[in-house]
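# Sequence below, structure please.
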Amino acid sequence: MKKLIILSMSLILSTPTMADADKGQKYYLKYLRPYFDYNGQVFATQKTQNEWKEDFKEDAKIFIKEFSKKHPNAEEFLNGAKFQKMAPHIGDFAIKYASDSGQLPNCN
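Modelled structure (predicted):
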């Protein structure tokens, strides 16, 4: 019984945090849209799913570098701890509604 409890706890603790595209959409609209000045559809359809996956790998380093260059006013926010917490969700949002996904987000 003790082994079962330990095994269950280790599985729970080893499960990576799941990103949520709906949260990513909300984060995009609240925090990034004011800097980028375009809606979520325009944002997400800028790239394909594979391109977004690449951008958001390794703590979104490529995304931060590219979008800091495109939007210098967002550079400080993109390099902050707050953005790091929401980056997986924003990445999932971008991937879900990428140009080759066939889906459009419902946001303005």
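# Does the nearest residue to Asp20 once chain neighbours are set aside lie in a helix or a strand, and which?
The shortest distance from Asp20 to any residue other than its chain neighbours is 5.3 Å, reached at His89 (Cβ to Cβ, 6 or more residues apart in numbering). C-beta here means a position set from N, CA and C on the backbone, and glycine is covered the same way. Element membership of His89, judged by DSSP states H and E, is helix 81-96.
# Kindly report the same for Gly24.
helix 21-27.
# chain center to that helix, what's the gap?
8 Å (Cα atoms, centre = their mean, to the nearest Å).
# In this protein, mark out all the helices, start to finish.
2-14, 21-27, 33-36, 40-44, 49-55, 57-70, 75-78, 81-96 (DSSP state H).
# can I get those in CSV with mean pLDDT, distance to Pro105 and mean neighbour count?
Output for the helices of the chain, formatted as CSV (pLDDT from 0 to 100; distance: least, Cβ to Cβ, whole Å; neighbours: other Cβ atoms under 10 Å):
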stretch, mean pLDDT, distance to Pro105, mean neighbour count
helix 2-14, 50, 32, 9
helix 21-27, 95, 6, 19
helix 33-36, 97, 12, 15
helix 40-44, 95, 5, 20
helix 49-55, 97, 13, 17
helix 57-70, 97, 17, 15
helix 75-78, 98, 20, 16
helix 81-96, 97, 7, 19
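# With distance to Leu104 as added columns, please give these in CSV.
Compiled in CSV, the helices of the chain are given as follows (distance: least, Cβ to Cβ, whole Å):
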stretch, distance to Leu104
helix 2-14, 36
helix 21-27, 12
helix 33-36, 16
helix 40-44, 6
helix 49-55, 14
helix 57-70, 21
helix 75-78, 25
helix 81-96, 10
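# Kind regards, and thank you for your time.
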